[in-house]
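A.B. asks: Provide a 3D model corresponding to the input given below.
(one chain, ligands or ions: 1)
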Amino acid sequence: MTSIGIIGAGTGGLHLALQLVQAGMDVTVYASRTAEQVASGRMTNSVAHHAVTIDREARLGVDHWPVAEFGYDAHLHYFGLPEPIEFIGRFQRPSRAVDYRIYLPRLMADFEDRGGRLVVREVDASDLEPLSEAHDLLAVGSKQPWVGEVFGRRADKPQPDGPLRRLQVGLWHGIARSEPHGVSIAASPGSGDLLEIPIYSAAGHVTALLFENVPGGALEHLASIRHDDDPAAFRRAVLDALRQHYPRTFERVDDAEFALTGPDDLVQGAVTPALRNDYRQLDNGRFVVAVGDSHATVDPIVGQGANSASASAQVVGDAILEDPNFDLRLMRKIAERRRDRVEATFDWTALMAGPPPAHLLQLVGAMSQDQALLDEFTWNFNFPDRQWDILATPERVASAVARSAARKAVV
Ligand SMILES: Cc1cc2nc3c(=O)[nH]c(=O)nc-3n(C[C@H](O)[C@H](O)[C@H](O)COP(=O)(O)OP(=O)(O)OC[C@H]3O[C@@H](n4cnc5c(N)ncnc54)[C@H](O)[C@@H]3O)c2cc1C
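C.D. replies: Down below sits the predicted model:
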């Protein structure tokens, strides 16, 4: 029986593992932490899955959180300009955010229940050769520093040297739902963006506040102020940021209830983007293939890392099932098939996290006047490649804006 080893029990590793075990392969996942340790550990992110990812979960038999109860339907945009601009984009089908300390342990259990083998051990670079010989193919879905060295950054793709934003994300009680129910995306030009995400966690249906702060901007301190030193001062700093920069969220805060859901429900730091090579041939001649963040790491400003990890895992899974020859040809097939989506995700994220160019502002202006264009942009959170079809160049944006104007003229 074909044997596949997967290092890392994140979304990429587990979606690949579940697909292959469903197809009857012998699959081993190596994970540094048990499901219980993940469940009781510190929060590391605040991930929303979009409809195409939820569809994939349904196919994998792990769609445990029905969108009717756990989903949301819209993006509520706010641009804090002297004359604020606001508009609401609708998804064709809902997205959903479930705390990964609930999500990943459940998928780890599903994988084991279906006959997969979960081995709890910390893997490092020196383990790659022996593990590659213990399996027909080894996939790597864990982004340790050594993983960057194993795969190396793609030389043909310009990449930033450091983080584009400085982050703080926490889970909070005391923020009323938006109407419609959705993710609020607010821009405070020069200071940053706030993503206010309805998320299901151990504390119930709560709110993730993901502050995407511009380096050197007025809110950069949110990424480094220490909660445990003075929780009251921390809470005040967050409330001040909402009051001064993100008024639509501030309006829905109930001061008496507003509190972090727990001391572990907070992450601060930064993401250094990286687009690495798809695979590496080891000295023993065997191949290892990258999935998830170990292949492409992006800032969470447009919430694509895990959705991309899942999509890319499916490309790897489909290729293995269709052509189980673990050679250079298979590696090239995988690289070709996921290249456009992964690059589009990387480039779209960089565009949104950087200083906004004139053509992006032109698109925002057009979307504020054209619901169809806005809904297309919103639904394209499912399809980064289609989003990049619109955004890749000033000329493409101009053409989308012209199409929108022509449509409105006809109406
Ligand atoms: C604040 C924040 C918000 C985000 N929001 C979104 C969002 O809304 N939508 C979205 O799509 N993405 C989002 N992301 C990105 C998303 O979290 C990542 O892209 C995604 O989790 C990466 O999954 P992965 O499969 O690469 O594995 P990882 O999440 O990197 O997990 C790897 C797993 O492998 C295990 N492991 C690690 N090292 C080893 C080792 N040496 N040996 C064995 N096992 C190991 C770990 O236990 C871990 O569980 C966000 C990220 C952040 C930081």
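
A.B. asks: For the residue lying closest to Gly24 once chain neighbours are set aside, give me its contacts.
C.D. replies: Nearest residue to Gly24, sequence neighbours excluded (Cβ to Cβ, 6 or more residues apart in numbering): Met1, at 7.5 Å. Glycine gets a C-beta too; all of them are placed from N, C-alpha and C. By Cβ atoms under 8 Å, 6 or more residues apart in numbering, the contact set of Met1 is 24-26.

A.B. asks: near the ligand, which residues of the protein?
C.D. replies: Counting by Cβ under 6 Å from any ligand atom, the residues of the chain close to the ligand are 7-13, 30-33, 45-48, 122-123, 141-144, 167, 169, 210, 267, 271, 292-294, 300, 303-307, 309.

A.B. asks: List buried residues within the contacts of Met1.
C.D. replies: 25-26 (16 or more other Cβ atoms under 10 Å).

A.B. asks: now, which of the contacts of Met1 sits nearest Gly216?
C.D. replies: Using Cβ to Cβ, Met25 comes nearest to Gly216 of the contacts of Met1, at 49.3 Å.

A.B. asks: how close does the residue nearest to Gly24 sit to Gly12?
C.D. replies: 23 Å (Cβ to Cβ, to the nearest Å).

A.B. asks: Among the contacts of Met1, name the ones in strands.
C.D. replies: Taking DSSP state E, the ones among the contacts of Met1 that sit in strands are Asp26.

A.B. asks: Over to Asp156. Which of the three states is it?
C.D. replies: Under DSSP: H, G, I helix; E, B strand; the rest coil, Asp156 falls in the coil class.

A.B. asks: ok, now which ones touch it?
C.D. replies: No contacts exist for Asp156 under Cβ under 8 Å, 6+ apart.

A.B. asks: which ones among the residues of the chain next to the ligand are found in helices?
C.D. replies: Those of the residues of the chain next to the ligand mapping onto helices are 11-13, 305-307, 309, per DSSP state H.

A.B. asks: can you redo those residues as JSON lines with pLDDT and neighbour count?
C.D. replies: Compiled in JSON lines, these are given as follows (pLDDT from 0 to 100; neighbours: other Cβ atoms under 10 Å):
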{"residue": "Thr11", "pLDDT": "98", "neighbour count": "27"}
{"residue": "Gly12", "pLDDT": "98", "neighbour count": "32"}
{"residue": "Gly13", "pLDDT": "98", "neighbour count": "28"}
{"residue": "Gly305", "pLDDT": "98", "neighbour count": "24"}
{"residue": "Ala306", "pLDDT": "98", "neighbour count": "23"}
{"residue": "Asn307", "pLDDT": "98", "neighbour count": "27"}
{"residue": "Ala309", "pLDDT": "98", "neighbour count": "28"}
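
A.B. asks: which of these lies closest to the ligand?
C.D. replies: Closest approach between these and the ligand, by Cβ to the nearest ligand atom: Gly305, at 2.2 Å.

A.B. asks: Which residue lies closest in space to the closest one, excluding its sequence neighbours?
C.D. replies: Val298 (5.3 Å).

A.B. asks: same question, Ala256
C.D. replies: Closest residue to Ala256 apart from its sequence neighbours, by Cβ to Cβ, 6+ apart: Gly174 at 7.4 Å.

A.B. asks: Torsion angles phi and psi at the one you found?
C.D. replies: For Gly174, the backbone dihedrals are phi 90, psi 20 (criterion: degrees, to the nearest 10).
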